[in-house]
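Asker: With the input below, show me the fold.
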Amino acid sequence: MAVFSAMLAVLQDSRSLAAMGVSGGFLAPILASTGGGSHVALFSFYALLNLGILLIAWFKAWRSLNLLGFAFTFFIGLIWGDRFYRSEFFVSTEPFLIMFFLFYVAIAVLFALRQEASIKDPVDGTLVFGVPLVAFGLQTVPVQEMEYGAAYSALALSFFYLVLAKILFARITNNVRLLVESFLALGVVFGTLAVPLAFDGRWTASAWALEGAAIVWVGVRQDKILARGFGIFLQFAAGVAFFFSAQEPLRAVPVFNSFYLGCVMISVGGLFSAWYLKQQRQRLSQEVSYVATALFCWGVLWWFGGGFEEITAYVGVRPLELRFSRVHIVLLFVTASCALFSVLRRRLSWDDARYPVIALLPLMYALALGDATRAVHPLEYFGYIIWPLAFVAHLWLLRRHENEIPFVHWWHAAGIWLFAALAAWEVGWWIGELVRGGDVWRLIGWPLVPLALVIWLSDRGERIGWPVARHPKAYQVDALIPLVGFIWLWMLHANFTSRGDPTPLPYLPLLNPLDLVQIAALLALFAWFRRVRSAALVPELFRTEELAYIGMGSAAFVWLNGVLLRSLHHWAGVPFNLDSLMGSMIVQASLSIFWSVLALCAMLTATRLGMRPLWLAGAGLMAVVVIKLFFVDLSNVGGIERIVSFIGVGVLMLVIGYVSPVPPAAAGEAK
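Answerer: Reported below is the predicted structural model:
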């Protein structure tokens, strides 16, 4: 009945008659089965039915009949395999699986050849991509006990599709062109899939992801919404399936294992689909752009997530330790990935690819923070190679995408901040290692690089055409303001916490490493304030004299007091801690006289230069000294120090009153 139905269907051009006959033929063995028949007889009978479908396909391009036979054959085969297959059936079932696979590949080819050149859907995407997906899934069951059985099967499929694409390419037509491209894609997919299969068994999800990308491609080419939707769904489903299968143990082969290569395949599938949908957005609906963005984020997530997980699993784990730092390997991976996306952005005109490029600097910050929690210094464990490469890549990406990155001048400034922080850390560590002595050596290394950057960028930076002269505000203002603030805070920290021990050198006030660096810091701050006051790009706040006076004056005052306290610690034996310093009468007397001398110098300078605010500041300091004399110095009964402080302050006040009268007020200034 099946044979005669097929013959009549061809003669009368009746698809429904052919479908009825084929359905009856496939269902007959199942309806008549008692459960004790031979699978060889069953599959032989189905082979005859599929041969009939192939013969019909020679004459008629009936897609519904082809899909019906495909569904019956492989669905019944799947049910039989799940219920009855045993390893001893391999020899008797493998030929049938290969035969059915070849039947439906041939039917897909005939379908394309029999179509009219102007038809909308010249290639049956369901058969072209569904046949290898289902057949390969069934193939893995009988070969799962064979070493590298799935890998050899994937390699054989790759070879088969590449050869078939080469044969069909010789008679290229509009219909066959898409088929050749599809077979070529399948050949590449299965060839790539053979590598991870040789190491591990996580192949299903990655195969689904690549097949999903291929279905999306065909769906866009044929303008079929269902095919596109199924391909997108298949990729997300593949990712979920892969995630739940990723808990299997890894083999001791980094990179070339099914976990990492599977992540790469899922990522490549998502990224390819995202790019292709964006390229075709003009002839597709607007919603496709949102789907493409979601696929792009999906692909980027799998790309970086797989890389991070692979590095975590293998770097720093014996026997692959090799003195590598995970942070540095992650940084290398991130840098290379961002550079790759930059190339893709230019070569493929891919707008979304610029976002990973922008992400490089924030990721560098995050990795530097991670390094700070565990590393001794940033350049350890090949960091001296990887960190410079990362900064070179950062500048290269800024140059390539200068007009695409929003607020690009802040990215330039932020790069300087990160470089200054890492370089300061490294220089401080090296000085401390080279000079094994007092606590001051490691401390003085921290401000050296920020000082050099402040001096050089503010005075000579514009000589560099790019990037400084191209972005002067970023490098000479925005980048330097935080560095100046860091130097100011460092001076506070150094003077309040460090006793200035220069061992192996003797301690000399002003001629020791800590004081010399602070003198250089004050000169740098002075030069920068003078420079920015005349710069048009500087905010109004930094062009006022008041900010310069407050910043420079407070830093100089703290430093000079630090010099005094460190000198008393080293020469008078006063312990360098808050309680001892505040309880020492010699310290209190010295501070009273020293502050009076500072007030005298400030007021004398103000009188000579006519700087009324400076004179008022000196007078305020004198008032503080007087209050201190009565409430601090006088509370310590007895002691030559108290007598000296009172007499010294009194004499200095007389001198101030004689040589430094208050300057006249400027016009409009309060008397």
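Asker: Look at L397 and say how many residues are nearby.
Answerer: A count of neighbours around L397, defined by other Cβ atoms under 10 Å, yields 24. Every residue, glycine included, has its C-beta placed from N, CA and C.
Asker: Dump the C-alpha coordinates for whichever helix or strand it is part of into CSV.
Answerer: Taking DSSP states H and E as the definition, L397 sits inside helix 383-400. Below are the C-alpha coordinates for helix 383-400, written out as CSV (Å, rounded to 0.1, in the frame of the first residue of the first chain):
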residue,chain,number,x,y,z
GLY,A,383,53.7,41.5,35.9
TYR,A,384,56.7,43.5,34.5
ILE,A,385,55.6,42.3,31.0
ILE,A,386,51.8,42.1,31.4
TRP,A,387,51.1,45.4,33.0
PRO,A,388,53.1,47.4,30.5
LEU,A,389,51.3,45.5,27.7
ALA,A,390,47.9,46.4,29.2
PHE,A,391,48.7,50.1,29.4
VAL,A,392,50.0,50.0,25.8
ALA,A,393,46.8,48.3,24.7
HIS,A,394,44.8,50.9,26.7
LEU,A,395,46.4,53.8,24.8
TRP,A,396,46.1,51.9,21.5
LEU,A,397,42.4,51.3,22.0
LEU,A,398,41.9,55.0,23.0
ARG,A,399,43.7,56.1,19.8
ARG,A,400,41.6,53.7,17.6
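Asker: so what does it touch, helix or strand wise?
Answerer: When contacts are defined as 3 or more Cβ pairs under 8 Å, 6 or more residues apart in numbering; DSSP states H and E, helix 383-400 sits against helix 326-347, helix 360-372, helix 408-434.
Asker: could the ones you listed be laid out in CSV, adding mean neighbour count and distance to A555?
Answerer: Formatted as CSV, those follow (neighbours: other Cβ atoms under 10 Å; distance: least, Cβ to Cβ, whole Å):
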stretch, mean neighbour count, distance to A555
helix 326-347, 19, 35
helix 360-372, 18, 26
helix 408-434, 19, 18
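Asker: Include mean pLDDT and distance to F89 when you put those into a markdown table, please.
Answerer: Shown next, in a markdown table, are those (pLDDT from 0 to 100; distance: least, Cβ to Cβ, whole Å):
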| stretch | mean pLDDT | distance to F89 |
| --- | --- | --- |
| helix 326-347 | 92 | 46 |
| helix 360-372 | 90 | 53 |
| helix 408-434 | 92 | 64 |
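Asker: wait, which of those helices is closest to V587?
Answerer: helix 408-434 (29.1 Å; Cβ to Cβ).
Asker: ok, now how distant is M146 from V22?
Answerer: M146 sits 34 Å away from V22, going by Cβ to Cβ, to the nearest Å.
Asker: Look at those two and report which has more neighbours.
Answerer: For M146 versus V22, neighbours defined as other Cβ under 10 Å are more numerous around V22 (24 against 13).
Asker: Which pLDDT value belongs to that one?
Answerer: pLDDT for V22: 72.
Asker: Surely it is in contact with I53?
Answerer: Yes. The criterion here is Cβ atoms under 8 Å, and V22 meets it with I53 at 6.5 Å.
Asker: Would you indicate which residues of the helix holding L397 are buried?
Answerer: Within helix 383-400, the residues that qualify as buried by neighbour count (16 or more other Cβ atoms under 10 Å) are G383, I386, W387, A390, F391, A393, H394, L397, L398, R400.
Asker: try stretch 508-525
Answerer: For stretch 508-525, burial by neighbour count (16+ other Cβ under 10 Å) applies to N512, P513, L514, D515, V517, Q518, A520, A521, L522, A524, L525.
Asker: what does that stretch contact?
Answerer: Contact with stretch 508-525 is made by 440-441, 443-444, 447-448, 451, 454-455, 484, 487-488, 490-491, 494-495, 498, 500, 502, 505, 551-552, 555-556, 559, 562-563, 566-567, as judged by Cβ atoms under 8 Å, 6 or more residues apart in numbering.
Asker: Please flag which of the residues you listed sit within strands.
Answerer: Under the assignment DSSP state E, those contribute nothing to strands.
Asker: coming back round to it: looking at the buried residues of helix 383-400, spot the one nearest W411.
Answerer: Proximity of those to W411 (Cβ to Cβ) peaks at L398, which lies at 6.1 Å.
Asker: Next one: that closest one from V357, what distance?
Answerer: Distance from L398 to V357, counting by Cβ to Cβ: 9 Å.
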